[in-house]
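how does the following fold in three dimensions:
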Amino acid sequence: MKASLFLPVPLVLLASCGSNPASQPSNPAAPIPVHTVTVTLQDWPSTYEASGTVRARTSANIASRVTGYVQQVTLQQGDRVAAGQTLVVLDTRDLDANYRRADVGVAEVNSAIPEADSAVAAAKASLDLARVTAKRIDELAAKKSVSNQEVDESNARLQSAQANYDMARAKRTELESRLEQATEERHAAAIMRDYGRIGAPFAGIVTAKTVNPGDLATTGAPLLTIERQDGYRLEAAVDESKLASVRSGQSVRYALDLPECAGESRVSEVVPAVDPASRSYIAKIDLPACTGLRSGMFGRVFFQLGSRNAIAVVSAAVTERGQLQSVFVAEGDSAHARLVTTGERSGDAVEILSGLNPGESLIAPVPPGLADGAKIAAITEARQ
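Okay, the predicted model is just below:
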């Protein structure tokens, strides 16, 4: 029979307790020093935001003045062109033929002019001779040396010579008129022929191209679009309710997809006609020169419409994580995170639409690593 060993319970407990080292109490974390401000209502600029599109101040749709097949297109979309540069060449064989016919007409009239001049000279000589002869006959008739028949015949020859001279001069005048008409027809044919070469009306950049060799260019149909690059403007659609608040010359801020091109400008023109579909009208804002500006870019315009009471805080007090914005509010000796909804920004300040109330203490700026519920020690207190 085996003997069992029993130990008193108190000794077992003592042995058990003696096997673990005595636990040491942990020291609480030191308070984080922070700067706080008191949230107050303040005057905040009332701003109306309108979206718009960048457009060139000067643009032209290039179209043909004649109908013809396209032989050559000398550029592509995005190319820069100089004033007068040939853009499109049309098949102008029929126009060339019209010009040649007009030129032949001018040559024919010119060739008939020397003959007409000779006829005038001959008629003038005959007229002079008839006048001299008639004068002599009249003198002899006064002396009763010639018969009345001879006097009548002399006068008839004089009248015939005068008529021939007048006719020769009329034909010469008619040739002058025909020459002027033929010259004008040749000039018109030359202009029509030149329409076969379509040039740039000004220096710029090709923004649209709808023509290719072999296409039939018809009168008035757009072939290309050219924009002058010496100036752009932002055309913003403004709600009709703001018509009385937006005026020419008004200073505005604008923002574009190119951050370096954002800035301030003035309203150059307000189109008072309201679009019945969108219930808006157009305000045009001239843009200063900026590299990279292109027609069609998206932009925003901010119109100052006065001021209102709002809660605004410095941007350093707002923490952004993705789509969420939060601030830290000092409550006693603790920091508590609170979600807020932000609105417009102005300089280094941001409007708070919801989440904060006047009189609360806001931590600004937010120290790195500050967490919800952390112990804090306020260093300064100011009014926001």
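
next, count neighbours for Ala121.
12 (other CB atoms under 10 Å). The way it works is simple: take the backbone N, C-alpha and C, and place the C-beta from them, glycine included.

and Ala208, what does it touch?
77, 222, 224-225 (CB atoms under 8 Å, 6 or more residues apart in numbering).

so which pair among these is furthest apart in space?
Maximum pairwise distance in the contacts of Ala208, criterion CB to CB, is 13.3 Å, between Gln77 and Pro222.

okay, and the closest residue to Asn148 other than its chain neighbours sits in which element?
Once flanking residues are discounted, Asn148 sits nearest to Ala141: 7.6 Å by CB to CB, 6 or more residues apart in numbering. Assessed by DSSP states H and E, Ala141 sits inside helix 93-142.

elements contacting that helix?
helix 148-194 (3 or more CB pairs under 8 Å, 6 or more residues apart in numbering; DSSP states H and E).

give me the distance from the helix it packs on to the chain's centre.
59 Å (CA atoms, centre = their mean, to the nearest Å).

likewise stretch 142-158?
Using CA atoms, centre = their mean, the distance between the centre of stretch 142-158 and that of its chain works out at 88 Å.

and for stretch 213-227?
20 Å.

return the alpha-carbon coordinates of that stretch using PDB.
These are the backbone C-alpha positions of stretch 213-227, laid out as PDB (Å, rounded to 0.1, in the frame of the first residue of the first chain):
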ATOM      1  CA  PRO A 213      -8.200  64.900 -99.500                       C
ATOM      2  CA  GLY A 214     -10.900  63.700-101.800                       C
ATOM      3  CA  ASP A 215     -13.800  65.200 -99.900                       C
ATOM      4  CA  LEU A 216     -16.200  67.500-101.700                       C
ATOM      5  CA  ALA A 217     -16.000  70.900-100.100                       C
ATOM      6  CA  THR A 218     -19.300  72.800-100.500                       C
ATOM      7  CA  THR A 219     -19.900  76.400-100.100                       C
ATOM      8  CA  GLY A 220     -20.200  77.500 -96.400                       C
ATOM      9  CA  ALA A 221     -19.500  74.000 -95.000                       C
ATOM     10  CA  PRO A 222     -16.900  74.300 -92.100                       C
ATOM     11  CA  LEU A 223     -13.600  72.600 -92.900                       C
ATOM     12  CA  LEU A 224     -11.400  73.700 -90.100                       C
ATOM     13  CA  THR A 225     -11.500  75.800 -86.900                       C
ATOM     14  CA  ILE A 226      -8.700  78.100 -86.000                       C
ATOM     15  CA  GLU A 227      -8.300  79.900 -82.700                       C
END
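
picking that back up, what number of residues lie near the residue nearest to Asn148?
15.

residues in contact with it?
148, 150-151.

what's the answer for Ile311, then?
Counted by CB under 8 Å, 6+ apart, Ile311 has contacts 39-42, 351-352, 356-358.

among the contacts of Ala208, name the buried ones.
Neighbour-count burial (16 or more other CB atoms under 10 Å) applied to the contacts of Ala208 gives 224-225.

about what we covered before: of the contacts of Ile311, closest to Ala119?
For those, the nearest to Ala119 is Glu351 (97.2 Å; CB to CB).

now do Leu243 against Ala273, distance only.
Using CB to CB, to the nearest Å, one obtains 11 Å as the distance from Leu243 to Ala273.
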